[in-house]
Every structure is written in structure tokens, then in C-alpha cells.
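Participant: the sequence and its predicted three-dimensional model are supplied below.
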Amino acid sequence: MNLLAPVPAAGLNYLDVVTHAGIVELVTLGILLFASVASWAIIVLKLAQMRSAQRQSQAFLNTFWQSNRLDVVFQSAEKMPQSPVSQVFRAGYIELSKLSQKPREDGAMSERLVGIENVQRALQRAQVAELTHLEATIPFLGTTASAAPFVGLFGTVWGIMNAFSEIYAQGNANLATVAQPISHALIATAFGLFAAIPAVVSYNYFVSKIKVLDSEMQNFSSDFLNIVKRHFFT
């Protein structure tokens, strides 16, 4: 019989961790679990939204530059509701249609300037609205990415404090009595990192994609406004 044979390590029993955790540890784990599930739900929904926005925006821009009639482009834009660029165009086109229906005196410089400013404001309002829609729920990912590790660290520190209190009360501080409660306490840090890492990666990814779409809206607004000035307010 070999007395020096290594003893097989027992795997971590997560049910045992939960059953022996205090109210503070359970609340901490619950918060981190909720943040992780909510983050993954946001990631999946935002991925679908960004892909649709990019695909439809590219299709709309192709239609816009290949068409010679704004009413035809408007009809195409109504079929691309996920494209922020198409929604900016719709706002500008609707405002332009309202101005076209109003009688105006030829050669009135002030009236032309007011008309151009109205179209420009409509484009800016639509751009801000679309940007707000794209950024919805993104702050939650940023908050989870920054706060989850600290929440997990709080749970770990609290668990270690309780573990050492129990060890002190028992008067036995060997490795067998220290290892298990500390390993249980470190679960909170692991949960925090599990929630934070996907959140920070996806947050940076979505922010970069939103910047690209915002640039496309700005560039299109400038191009559309130049077209309006050249053809409708000359």
C-alpha cells in the first residue's frame, strides 16, 4: 500500500457553494447572474440590429445614388426601417415635401434660407433620434463591464471575512479548513469576470459600429442637403 499516493482532487460542488453561502453572497451572485444573462440578451439583440442596420443602409445608399427620383427613393426607404440612413432621408424628404407645397415668391432669399434650415433641422433631428435608438441598452453593457468585477470582488472579500471568522471560531487553521471556504468565496470574483468580459468586448464592438453608422448619417445628410440646395433652392 502506497501511503504517498496523491489523493484525487474533488471537483467544486456549486450546489454546496450556494447552500453554504450567506445572504450577502447570495445577493451578490444573484446580481452578477442577472447582469450576465441580461448582457447576453442585449448582445444577441444588438448584433441582429447592427447587422440589419448595416445591410439595409448599404442597400438604401445604392438605391439613392442609382435613382433620379426622390419619390422612388422614398418608397424604397419605407421598406428599410432598420436603416438609420433611410430614416434620416425620410425626415428630410417629408420636410422638403411640406416646403414644396407652400407657395413662395421667386427670388426671396430669406425664404430660401428658411427652407434650407428647416430641411437641415429635420435631418439633424432624425439623426439624433436614430443615434439614440442605436445606443439604447448599450450603457448597460458599459456599466456591467466596469462594475461587475468590483461586485464580484466585494462578494469574495465578504466571503473570505466570514471564512476566517469561522476558522478563528474553530481554532483550526490548517490547509484543509482554509482551502474550501476561500475557494467558495472566490466564486464571486469568477462570476464577476464572467459577466464583465463579454460585456466589455461587446460594448467596444457596438460603439465602433455605431460610430460608423453615425458617420454614414452625417455624410448622407451633407450630401442630401447639397442636392436640395442645388435643385430646389437655387
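Facilitator: That came through, no problem. Numbering: from 1, shown residues only.
Participant: from S67, how far off is P81?
Facilitator: Counting by C-beta to C-beta, to the nearest Å, the gap from P81 to S67 is 19 Å. In short, each C-beta sits where N, CA and C put it, glycine included.
Participant: for S57, same thing?
Facilitator: Taking C-beta to C-beta, one finds S57 at 16 Å from S67.
Participant: what does L213 give?
Facilitator: 22 Å.
Participant: swap in S83?
Facilitator: S83 sits 15 Å away from S67 when distances are taken as C-beta to C-beta.
Participant: so which of the two has more stuff around it?
Facilitator: Shown here are S83 and S67; by other C-beta atoms under 10 Å, S83 has more neighbours (27 against 14).
Participant: max-length helix in the protein?
Facilitator: Using DSSP state H to define each element, the chain has its longest helix at helix 187-232.
Participant: so where is this protein shaky, pLDDT-wise?
Facilitator: Low-confidence segments of the chain (pLDDT under 70): 1-22, 101-114, 170-181, 232-234.
Participant: quick one: the helices in this structure?
Facilitator: Using DSSP H, helices in the chain cover 14-19, 23-66, 70-78, 84-101, 109-135, 138-170, 175-185, 187-232.
Participant: which strands or helices does the longest helix of the chain pack on?
Facilitator: helix 23-66, helix 84-101, helix 109-135, helix 138-170 (3 or more C-beta pairs under 8 Å, 6 or more residues apart in numbering; DSSP states H and E).
Participant: please identify the most buried of those helices.
Facilitator: Highest mean neighbour count among the helices and strands packed on helix 187-232 (mean count of other C-beta atoms under 10 Å): helix 84-101, with a mean of 20.
Participant: how far off centre is it?
Facilitator: 28 Å (C-alpha atoms, centre = their mean, to the nearest Å).
Participant: next, the angle from that helix to helix 187-232.
Facilitator: Interaxial angle of helix 84-101 relative to helix 187-232 (axes from the mean of the first three to the mean of the last three C-alpha atoms, to 10 degrees): 30 degrees.
Participant: tell me the angle helix 84-101 makes with helix 109-135.
Facilitator: Using the same axes, to 10 degrees: helix 84-101 against helix 109-135 is 150 degrees.
Participant: who touches helix 84-101?
Facilitator: 53, 56-57, 60-61, 64, 70, 73-74, 76-78, 80-81, 115, 118-119, 121-123, 125-127, 129-131, 133-134, 213, 216-217, 220-221, 224-225, 228, 232 (C-beta atoms under 8 Å, 6 or more residues apart in numbering).
Participant: quick one: residues contacting the most centrally placed residue in the chain.
Facilitator: The residue lying closest to the centre of the chain (C-alpha atoms, centre = their mean) is I138, at 2.5 Å. Listed by C-beta under 8 Å, 6+ apart, the contact partners of I138 are I42, K46, Y203, F206, V207, I210.
Participant: the third one: how many residues sit nearby?
Facilitator: This points to Y203. When neighbours are defined as other C-beta under 10 Å, Y203 has 23 of them.
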